[in-house]
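S.K.: Just the structure for this:
(chains A, B, C and D)
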There are 2 protein chains.
Amino acid sequence: MGRVLSKRNEKTRSASTAQESGAGVTMETVGRIAGVSQVTVSRALNHPDKVSAETLRKIQEAIRLTGYVPNLTAASLASRRTRLIAALVPSITNIVYSTLIQRFVVAIRAAGYQVLLSETGFSQDEEYKLVSALLSRRPDGVLLTGVHHSSDCRRALLGAQVPTVEVWDITETPIDVCVGFSHTDAGRAVADFVRRSGYMNTAAVAAGDERALRRMAVFRDTLLEHGYKTIPEVRLAGAASIKCGRESLAQLINDGFHDGVIFCSSDLLAHGILIEAQARGLSVPDEIAVIGFGDQDFAAQTFPALTTVRVDREKLGQYAADAMLRRLSGEPADQRQIDIGFDIIVRNSA
Amino acid sequence: MGRVLSKRNEKTRSASTAQESGAGVTMETVGRIAGVSQVTVSRALNHPDKVSAETLRKIQEAIRLTGYVPNLTAASLASRRTRLIAALVPSITNIVYSTLIQRFVVAIRAAGYQVLLSETGFSQDEEYKLVSALLSRRPDGVLLTGVHHSSDCRRALLGAQVPTVEVWDITETPIDVCVGFSHTDAGRAVADFVRRSGYMNTAAVAAGDERALRRMAVFRDTLLEHGYKTIPEVRLAGAASIKCGRESLAQLINDGFHDGVIFCSSDLLAHGILIEAQARGLSVPDEIAVIGFGDQDFAAQTFPALTTVRVDREKLGQYAADAMLRRLSGEPADQRQIDIGFDIIVRNSA
DNA sequence: GTGAAAGCGCTAACAG
DNA sequence: CTGTTAGCGCTTTCAC
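M.R.: Numbering: from 1, shown residues only, chains lettered A, B, ... in the order given. Have a look, this model is predicted:
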């Protein structure tokens, strides 16, 4: 088994002879110690079944001895697969997105991929910048939030020919595949619930993401169609919070709103309204009724418990991962639109 | 400017002639179109000041034309710098960690690095597995939560000789640098506050992370030293939540606790206790007083507003990023321990 | 089952 | 200012 070492090997040899610990150890080093070539080490790691048991043992021993850590950067370059999935969410501090991501990551990691997570801050501009930057890492797939992106962003993704999954919303024209639910349907469903429940006064509070505004618009239009009079709206810039919720109720009351139901774009906002109502000694749902959105963990725990719209975020994460994995394994995107629906959960706040 | 194309170039040429859009375009392609060599394209991108204005223009034009996207995988391999920072947090859905990360990421990105975020689920084992996997990506730096890690984990990090910053806690013996505050001091400070406020009955509720338990233990021991009798404790497995908080109060009351103050390991738990007290018609802070931990956004918004321990998570994230950047730029870790302290914020719940 | 050769796309000296 | 040369550490044929 005469081994011919190239100049490169020579260099590696002297370096590793000097210090054989962790950093600087390559497959070459491991191979030399195990008495095999570098390629065989690569095989032992990637296709252990194609290496004899004895060789495998020697290699594992050498790896242990040297503290060898594979270099995925080199592997990625050579194989043209990074095993990296880029994921973009509007905000990582918003639990609504992070639970989805959590589920997504678990499923994706199980398949041997790592997730490169970034937040767009609800900005399409920022989203595009991130996509550009991330594509430089040559991710094997991209996860996007929502179906509204800048045309530059769409073009970049299409040009990169990278499997792309859009979550949280559905559209007839996804970049690749989308998994979500219809925000239009959701707004209408809440309006119908409000009508059936016999509320005559209604108001809406929405934090400024596009999907929330769409729900609110449909909610309003549906009620107007059914003869409701003006429906006061509060639109919040930035992220939703309990504080915003409290302030919104204060504002609505100030504007003369009373004895009605308020549809919020998130449970957090609804919770804030509940707290403000409590602070003002208003009884819920008799004087002020509240409907949230999302059915977060705490929704069943507030007092009174929150009536809200449940979106199964875990399911969303899982389905998104499934869709991604399907695309990653080369399956064509036959089903380009996956609707996971939503449910109105009636508790005690409305 | 006679250009000699190697076999490799030949191949690239034919490929790109066939389809000049986005994927498959390399610096070689761009260079050929701009009439310069591949290296010059590299320079134009990395050191534009070392390239003539005219050449730069031609290259930019070629980049636009081809939709060239740099390949950072190749750049990383060649330069031995990935511009990737690995960050490990116990949970991404816990806002306490995500706000810190948010700040950290902003500062780190501004310096041209990307963050590879993973969650350990509060498990040292999982942490080690992640560190192993992540080191394969050759991150330029690693951010860890807490200062307690498995010895394997420590060894791997030390062996990889990668700048490491530990946040949320401090110790005399960090892997590299640590940024945080003393949980021991915090537990003692709350105990002192409770004594000074004249509460005679106290209890503690903690979710099961090691730091929370440490705070609770010191809180209890300090009070015992000062003649307090037994202090009921509730230890929760898993993540803290409003639900856990509600259940904890129910359990404490069930065990005979009344007319005293409860120290919680998180604001979420405290909020749950507030809600449960409300549901039971117990007045806060007269019948049940509550102290939280963290001073999250909603702490000032609960009713009554929560007395809690403020930890400046944004500062933590910023300082962690600063420390990381300092190490990244090769500065020695002269100050290995950075204490950002904490404050007790007295509101109305205790 | 194992090895040699040829890159992956880029950066890092070193010339000129 | 620009080009040549030599890798970075690994995977991928293709032989044997």
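
S.K.: what's around the nearest residue to A:A237 once chain neighbours are set aside, how many residues?
M.R.: Leaving out its chain neighbours, the residue that sits closest to A:A237 by CB to CB, 6 or more residues apart in numbering or on different chains is A:G208, at 5.1 Å. C-beta coordinates here come from the backbone N, C-alpha and C atoms, glycine included. Residues near A:G208, counting by other CB atoms under 10 Å in any protein chain shown, number 14.

S.K.: Would you mind measuring from the most centrally placed residue in chain A to DNA strand D?
M.R.: Taking CA atoms, centre = their mean as the criterion, A:I101 is the residue nearest the geometric centre of chain A, at 4.0 Å. From A:I101 across to DNA strand D, the span is 28 Å (CB to the nearest atom of the strand, to the nearest Å).

S.K.: In contact with the residue nearest to A:A237, which residues?
M.R.: Taking CB atoms under 8 Å, 6 or more residues apart in numbering or on different chains as the contact definition, A:G208 lies against A:F122, A:R235, A:L236, A:A237, A:G238.

S.K.: A:F293 too?
M.R.: By CB under 8 Å, 6+ apart, the contact set of A:F293 is A:A186, A:A212, A:R215, A:F263, A:C264, A:S265, A:S266, A:D267, A:A270, A:T308, A:V309, A:V311.

S.K.: ditto for A:A300
M.R.: Shown in contact with A:A300 (CB under 8 Å, 6+ apart): A:L306, A:R347, B:K243.

S.K.: Just name the closest of those residues to B:E54, please.
M.R.: Within the contacts of A:A300, proximity to B:E54 (CB to CB) peaks at A:L306, which comes in at 64.8 Å.

S.K.: Hmm, the closest one is touching A:A289, no?
M.R.: No. Counting by CB atoms under 8 Å, A:L306 does not reach A:A289; the two are 10.7 Å apart.

S.K.: Confirm for me that A:R214 is in contact with A:T184.
M.R.: Yes. Under the criterion of CB under 8 Å, A:R214 makes contact with A:T184 at 6.5 Å.

S.K.: mind showing which ranges of the stretch 51-200 of chain A have poor pLDDT?
M.R.: In the predicted model, the stretch 51-200 of chain A carries no residue with pLDDT under 70.

S.K.: How many neighbouring residues does the residue of it found nearest chain B have?
M.R.: Going by CB to the nearest CB, chain B is nearest to A:G159 of the stretch 51-200 of chain A, at 3.1 Å. Per other CB under 10 Å, the neighbour tally for A:G159 reads 15.

S.K.: That one sits in which helix or strand?
M.R.: Assigned by DSSP states H and E, A:G159 belongs to helix A:151-160.

S.K.: what's the residue nearest to A:N94 when sequence neighbours are not counted sitting at in phi/psi?
M.R.: Spatial nearest neighbour of A:N94, excluding adjacent residues (CB to CB, 6+ apart): A:A239 at 6.5 Å. Backbone torsions of A:A239, given as degrees, to the nearest 10, read phi -70, psi 150.

S.K.: Lowest-confidence member of the contacts of A:A300, which is it?
M.R.: Across the contacts of A:A300, the smallest pLDDT goes to B:K243, namely 93.

S.K.: Pull the number of nearby residues for the closest residue to that one other than its chain neighbours.
M.R.: Of all residues not flanking B:K243 in the chain, A:Q301 sits nearest, at 5.1 Å (CB to CB, 6+ apart). As a burial measure, A:Q301 scores 22 neighbours (other CB under 10 Å).

S.K.: cool, and the one 4 residues further on?
M.R.: Counted with other CB under 10 Å, residues neighbouring A:A305 total 17.

S.K.: Give me the secondary structure label for the residue nearest to it when sequence neighbours are not counted.
M.R.: Excluding its sequence neighbours, the residue lying closest to A:A305 (CB to CB, 6+ apart) is A:R347, at 3.9 Å. Of the three states, A:R347 takes coil under DSSP: H, G, I helix; E, B strand; the rest coil.

S.K.: Quick one: residues contacting A:R347.
M.R.: Contact analysis of A:R347 by CB under 8 Å, 6+ apart lists A:A299, A:A300, A:P304, A:A305, A:L306, A:T307, A:T308.

S.K.: same check, this time on A:Q318
M.R.: Contacts of A:Q318 (CB under 8 Å, 6+ apart): A:R103, A:F104, A:A107.

S.K.: Show the buried residues in those residues.
M.R.: A:R103, A:F104, A:A107 (16 or more other CB atoms under 10 Å in any protein chain shown).

S.K.: Show me these that map onto helices.
M.R.: Members of the buried ones among the contacts of A:Q318 lying in helices (criterion: DSSP state H): A:R103, A:F104, A:A107.

S.K.: Between these, which sits nearest A:I170?
M.R.: Distances from A:I170 to those, taken as CB to CB, are shortest for A:F104 (17.1 Å).

S.K.: Now the closest one. Nearest residue, chain neighbours left out?
M.R.: Ranked by CB to CB, 6+ apart and with sequence neighbours excluded, the top spatial neighbour of A:F104 is A:G317, at 4.1 Å.

S.K.: burial count for that neighbour?
M.R.: Burial of A:G317, expressed as a neighbour count using other CB under 10 Å, amounts to 25.

S.K.: May I see the contacts of A:Q318 organised as TSV, with distance to B:I175 added?
M.R.: Below are the contacts of A:Q318 laid out as TSV (distance: CB to CB, whole Å):
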residue	distance to B:I175
A:R103	31
A:F104	30
A:A107	31
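
S.K.: what separates the residue nearest to A:A237 from B:Q38, distance-wise?
M.R.: Applying CB to CB, to the nearest Å, the value for A:G208 to B:Q38 is 46 Å.

S.K.: rewinding a little: now which of the contacts of A:G208 would you call buried?
M.R.: Buried members of the contacts of A:G208, scored by 16+ other CB under 10 Å, are A:F122, A:L236.

S.K.: From the contacts of A:G208, which one has the minimum pLDDT?
M.R.: Among the contacts of A:G208, A:G238 carries the weakest pLDDT, at 81.
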